[in-house]
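>>> got a structure for you, letters missing:
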């Protein structure tokens, strides 16, 4: 009967492969985590950019109203195909702006506050992204 020799080197090669796989797996998991954080950050940046654009649009719409009509910002009626006079266009545009806020920002809401002392406006937008509340406020003179 022959006795087989077992080499210690054969078991050591397997251990080296397992350690190498552990190191590679850990590195890949770290890279995946960084990628997910980057994507989440880009989504948040995109929301903030949309909110800033929506706030600037609200200021532009309010600037169309005569100073006496700025305190009344009704939901507005559609103007139809005919050109809207300024007094009808601004309320219609504000109603459309509110719909855009709800459509473009996740769980979005917008609020307009008119300042009577300096004839300015404060636009406050809020939304939710991944369970975190976000808010943007813009103040401008009219």
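Yep, that arrived. Since this is a predicted model, take the numbers as computed values, not measurements.
>>> distance of the residue nearest to residue 130 when sequence neighbours are not counted relative to residue 33?
In space, and not counting its chain neighbours, residue 130 is closest to residue 40: 6.6 Å by C-beta to C-beta, 6 or more residues apart in numbering. C-beta: built from backbone N, CA, C; applies to glycine. Using C-beta to C-beta, to the nearest Å, residue 40 is found at 11 Å from residue 33.
>>> so if I had to pick from the two, which one is more boxed in?
residue 40 (13 against 10; other C-beta atoms under 10 Å).
>>> any idea which element that one lies in?
helix 8-64 (DSSP states H and E).
>>> which elements pack onto that helix?
Applying 3 or more C-beta pairs under 8 Å, 6 or more residues apart in numbering; DSSP states H and E, one finds that helix 8-64 makes contact with helix 86-104, strand 109-115, strand 120-129, strand 132-141.
>>> so which of these is the most surrounded?
strand 120-129 (a mean of 19; mean count of other C-beta atoms under 10 Å).
>>> relative to that strand, what are the paired strands and their orientations?
Applying DSSP bridges to the sheet, strand 120-129 is found paired with strand 109-115 (antiparallel), strand 132-141 (antiparallel).
>>> and the angle for it with helix 8-64?
Counting by axes from the mean of the first three to the mean of the last three C-alpha atoms, to 10 degrees, strand 120-129 lies at 150 degrees to helix 8-64.
>>> contact partners for the closest residue to residue 56 other than its chain neighbours?
Nearest residue to residue 56 in three dimensions, chain neighbours excluded: residue 138, at 7.2 Å (C-beta to C-beta, 6+ apart). By C-beta atoms under 8 Å, 6 or more residues apart in numbering, the contact set of residue 138 is 52, 55, 56, 59, 122, 123.
>>> just list whatever residues bridge to residue 138.
Residues in beta-bridge contact with residue 138 (DSSP bridges): residue 123.
>>> I'd like the helices and strands packed on helix 8-64 written out as a markdown table, with distance to residue 21 and mean pLDDT added.
Formatted as a markdown table, the helices and strands packed on helix 8-64 follow (distance: least, C-beta to C-beta, whole Å; pLDDT from 0 to 100):
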| stretch | distance to residue 21 | mean pLDDT |
| --- | --- | --- |
| helix 86-104 | 45 | 79 |
| strand 109-115 | 50 | 79 |
| strand 120-129 | 36 | 86 |
| strand 132-141 | 36 | 86 |
